[in-house]
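Colleague: model the structure of this input:
(2 chains)
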Amino acid sequence: MKENVLKKEKQPWGKRVMAWGKRQLKNIKRDKALLLIILPVVLHYLLFVYYPMYGNIIAFKKYSAVKGIMGSEWVGFKYFIQFFNSPYFTRVLKNTLLLSVYSILWGFPIPILFALMTNDLKHGVYKRVVQAVSYIPYFISTVIICGMLVNFLSPSSGIVNSIIEAFGGKPINFLMEPKWFRTVFISSGVWQGFGWSAIVYLAALTGVSQELYEAARVDGASKIQQVIHVSIPCILPTVIVTFIMQIGTLMSVGYEKIILLYNPVTLDVADVISSYTYRTGLVEGNYSFGSAVGLFNSAINLLLVIFANKLSRKISEVSLW
Amino acid sequence: MMRNNWKRILATASALTLTMGCLAGCGEKTQDNDNSSTSSNTPVESQGTEGTATEKITFPLAEQVELTIATPDGAVASLADNLPVWEEIQKRTNIKINWDVTASKQYVEVMKLRVGAGGGKLPDIMFLPNGLSLAELGGEGTILPLEEYIANSENILKAYEEFPNVKALTSADGHIYSVNTLNESAYFAPYCFIIRKDWLERLNLEVPESIDDWMTVLRAFRDQDANGNGDTNDEVPFSAGGHAWYTTYWANAWGLHLFQSDGWYPDENGKMQYEFISDEAKEFYTWLNAFYEEKLLDEEFLTLGDENKLYEKVARNEVGAFTAYPSRIATLEAALAANGVEDAELIPVIPPQGPYAQMTEVVGDMTVNGYVVTNSCKRPDVAVALMDYMMSEEGKELMNFGIEGDTYVKENDGTYSFTEKVTNNPDGLSASEVLSSYGCQLGLCYLKSDKREQAMLFSYPEDLQQKIIDVTDATRPFMVPGMTLPPQTEEESESISGLSGDLATYIWEMTGKFTVGTADIEKEWDSYVEYVKRLEVEKILAVKQAQYDRLTSQQ
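Modeller: Numbering: from 1, shown residues only, chains lettered A, B, ... in the order given. As a prediction, the model looks like this:
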């Protein structure tokens, strides 16, 4: 291998570049249709993902609108330190992690189970109806979901408390009790998202060759055994990849649903990094501080993905890269 | 494999060098910009002075000038649709206005981002979004100092005499930066307690006059069938709309200025205090906790979302008392009637006598934020002249009453009355909705006239008119001005940057917890005060003190 590299370097620079260019040109000509198809995606990433990243440098600057991003004064890690020293740092970090971990704990296996179950539904219309009903909530806006939650959980007129009372229980003021916050937040999240998340597993399941099932049946495998020994191993790579991606969002709990559901009494368990950033960064116009927190968040998320990927490669030989 | 890795390292390294180069470049550029920004400030100012600024501008202008105004849009009709009042103003001044409007709920966030993003051209005149400071924007040159133009503006100068705090409140670093909407009618029908008179009558109770009376009345609402539907359990004695802040209106009776002044209030020696940590506040919270524990306060007071949810609850015939502006009464009674409660009667109540005071804070003889002229404006002189026109008698009539002969008639005795079109609108709009669809009280600063408030009463049923006038007169002796402080200087806001947000989070969290009882007041009060001090309340107090001193020295 090493000799190979050395040999290549012996060729003159110009010639190598020319050859490389020619090769690329030929490739482009050959794949122009494919390239055209991917162009919008590339543009999207350049414009909306990579270009805005340059704005991240305001995390290290005292951003002033008039001086602009480039002109603002450098302050180093001032805003990071401000965040770490903030009286709320430990609380928002803890809440973010707990909400994420619990969300994954409940939100990750349920779509898989659901996909395995619907996959074995034989009745076509019934299957389609079940699927549609399960993923429709995904398209309802968060604001509406939260409005529904407030109404359903109201201690005086909510349907949930009416049911509790009908069974002789005492009404619970769900949204005012800190111990209920995580349950409400996560269960509503699972309800809203499980049908949608199941789609990717269902797609993977349709890719499983029927011959494998037939072979298993010939060997006398029961339904459950077929699921355990055929379906699950076949979708395992998909499961692992989705899991790694989920690990990458461990530090990000979106602020919309939080600020729509929290109140002073539940702040102890409900305030997360993003809602804190929303208040200090956006509401108070402290953009540099907001960016610093966001950048810190992304850095941790990146590390987590790398770590999860490494781990998975070691254990299961399936990985993102 | 190996070669691939090499390529990657090379790519990373070159990317790194590129970035470094970029960053180094930025460093240099900063200095350049600093120099140019200080020097570019002067031309902007001198650009204004040369030519027309020293001359007095008379309307209509000989030559049309275009101005772009960014402002929260009206809820009933959009300013962008050439509303009659603004058509008239443009005709009379020969200024062409290009509206740059945003729905009022989103305005603050949208505009803050636009100003924050910098770079792009800002509108000539904009309504300053809450949270941006005059000192900061003025210091960096985003907005222009207006005093030299205001020197020619007789109506604005007259307003300064009428409202002595205004000049200090719209200035920063010695410059006047904004012109705000002023309210002659702030003391007319202020925010107050509102109670169901028909519930009181059904239970043979008197209108409460002290905190103890209130407790008696609300307990009766809780225990008996106050709304007369046969169910003794569906009444909420007192409700509030979705934030712990609303409950602090009661603190008036403890002599605390928590509701309008946010707890920042000078004591009798002119020394600024943070009343949220005072001994009276402790007593108030203890009472509030009992108030909640006794189920007199709505269990949902923190989760209702907003005021409108409260009004819906009132309209469902479930709420006995709440706080609101008396002008709400007409719509709420109509909503109740629509829900089949024909005899519902809401009345405004004067502030109750409490353990330490009988008072109600009143703010709002000036809006907190006003209209500023940005450095994109080519003709700041015309912009200020237009604002001055808004403050004139003519502008006042247009902004408060609409178009003469169409929406209002001026009586011989100098009072105004609205036409049928406003008081009894064929499309079923309320009076203020009709006026706002004409463009009244929208778009730019103006003088809110108390004559409009009086004229407005004619659209109410006669007994309600009388009730509002009576309660205003009865409340007048108990009205206490809330504290509005002049803007902070750049150093001041820098020195406490981030502190007030953390403090507010903590205060409202604890207010909620003390009320509901998740935090024990007796046990946790000292640590609460301690923690507020750890959040550097002293630093904020020092800044507030400096602001207050500026206010008193300029009066």
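Colleague: can you get me a residue count around the residue of chain B found nearest chain A?
Modeller: Closest contact between chain B and chain A, by Cβ to the nearest Cβ, is at B:Gly512 (2.8 Å). Just so you know, the C-beta spots here come from the backbone N, C-alpha and C atoms, and that holds for glycine as well. A count of nearby residues for B:Gly512, using other Cβ atoms under 10 Å in any protein chain shown, gives 22.
Colleague: what residue ranges in the chain score low on pLDDT?
Modeller: Picked chain A for this. Filtered on pLDDT under 70, chain A yields the residue ranges A:1-10, A:65-66.
Colleague: that was the other one, I meant chain B.
Modeller: B:1-55, B:118-120, B:459, B:554-555.
Colleague: quick revisit: the residue of chain B closest to chain A touches A:Val265, doesn't it?
Modeller: Yes: at 4.5 Å, B:Gly512 and A:Val265 qualify as touching, with contact defined as Cβ atoms under 8 Å.
Colleague: mind listing the shared neighbours of the two?
Modeller: Common contacts of B:Gly512 and A:Val265, defined by Cβ atoms under 8 Å, 6 or more residues apart in numbering or on different chains, comprise B:Leu302.
Colleague: ok, residue 257 - contacts?
Modeller: All of this refers to chain A. Contacts for A:Lys257 (Cβ under 8 Å, 6+ apart) come out as A:Thr142, A:Ile145, A:Cys146, A:Phe185, A:Gly189.
Colleague: not what I meant, chain B
Modeller: Contacts for B:His257 (Cβ under 8 Å, 6+ apart) come out as B:Ala251, B:Gly263, B:Trp264, B:Tyr265, B:Glu275, B:Glu361, B:Val480, B:Gly482, B:Met483.
Colleague: among those residues, which are in strands?
Modeller: With DSSP state E as the criterion, strands contain B:Trp264, B:Tyr265, B:Glu361, B:Val480 from among the contacts of B:His257.
Colleague: neighbour count and distance to A:Gly71 added to those residues, as CSV?
Modeller: Below are the ones in strands among the contacts of B:His257 laid out as CSV (neighbours: other Cβ atoms under 10 Å in any protein chain shown; distance: Cβ to Cβ, whole Å):
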residue, neighbour count, distance to A:Gly71
B:Trp264, 22, 34
B:Tyr265, 22, 40
B:Glu361, 23, 43
B:Val480, 18, 46
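Colleague: farthest pair within the residues you listed?
Modeller: Farthest pair in these (Cβ to Cβ) is B:Trp264 and B:Val480. Separation: 14.2 Å.
Colleague: residues from the stretch 251-400 of chain B in reach of chain A?
Modeller: Neighbours of chain A within the stretch 251-400 of chain B, by Cβ under 8 Å from any Cβ of the partner chain: B:Glu299, B:Glu300, B:Leu302, B:Thr303, B:Leu304, B:Gly305, B:Glu318.
Colleague: grab the nearest non-local neighbour of the fourth one.
Modeller: In space, B:Thr303 comes closest to A:Leu175 once its chain neighbours are excluded; the distance is 4.5 Å by Cβ to Cβ, 6 or more residues apart in numbering or on different chains.
Colleague: what number of residues lie near the one you found?
Modeller: Neighbours around A:Leu175, by other Cβ under 10 Å: 24.
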